[in-house]
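Asker: Sharing a sequence plus its predicted fold:
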Amino acid sequence: QVQLVESGGGLVQAGGSLRLSCAVSGSIFSINVMGWYRQAPGKQRELVAAITSGGSANYADSVKGRFTISRDNAKNTVYLQMNSLKPEDTAVYYCNVDGSTVIAGTSTIRALEVWGQGTLVTVSS
């Protein structure tokens, strides 16, 4: 079973920084896109940033120039460095991984999408 373990959330003042981490554990065969989403109270979940296995990244307009996504393929880990945080960045941040896994007892590979449990980021004004 594949799981995502997130860490790094917390409370920070406006203008501060936080770094989120998300590590993939379990029997994953390949990882394609790794991303971070967030959901603020009363709002829909939105994409914050995503990065491909080749290192190509894209960002929501609201975080461009402030957030940086990166990944360590050897560690199956994705990071989100968040600088110049604003109160409107307050949300639960979720890690998302798109990849594949081998079905137990077979040699069949199937697509896989996994979500983390979420980590709360609170930015005070």
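Answerer: Yes, it's here.

Asker: Name the residues of stretch 74-87 that are buried.
Answerer: 76-80, 82, 85 (16 or more other Cβ atoms under 10 Å). Where you see a C-beta, it was placed from the backbone N, CA and C, and this is true even at glycine.

Asker: if I pick residue 10, what's in contact with it?
Answerer: 18, 120-122 (Cβ atoms under 8 Å, 6 or more residues apart in numbering).

Asker: Just read off the phi/psi values of it.
Answerer: Residue 10 adopts backbone torsions of phi 160, psi -170, taken as degrees, to the nearest 10.

Asker: how far away is it from residue 111?
Answerer: Applying Cβ to Cβ, to the nearest Å, the value for residue 10 to residue 111 is 33 Å.

Asker: again, but for residue 1
Answerer: Per Cβ to Cβ, residue 1 is found 15 Å from residue 111.

Asker: next one: residue 79
Answerer: Taken as Cβ to Cβ, the span from residue 79 to residue 111 is 24 Å.

Asker: With residue 13 instead?
Answerer: 41 Å.

Asker: Please tell me how far residue 115 sits from residue 36.
Answerer: To residue 36, residue 115 is 11 Å away according to Cβ to Cβ.

Asker: can you check residue 74 too?
Answerer: 20 Å.

Asker: Now list the buried members of the contacts of residue 10.
Answerer: Listed as buried from the contacts of residue 10 are 18, 121; burial here means 16+ other Cβ under 10 Å.

Asker: and the two most separated of the contacts of residue 10?
Answerer: 18 and 120 (10.8 Å; Cβ to Cβ).

Asker: joint contacts of these two?
Answerer: Joint contacts of residue 18 and residue 120 (Cβ under 8 Å, 6+ apart) are 9-10.

Asker: residue boundaries of the strands in the chain?
Answerer: Applying DSSP state E to the chain gives strands spanning 3-7, 10-13, 18-25, 28-39, 46-51, 57-59, 67-72, 77-82, 91-102, 109-115, 119-124.
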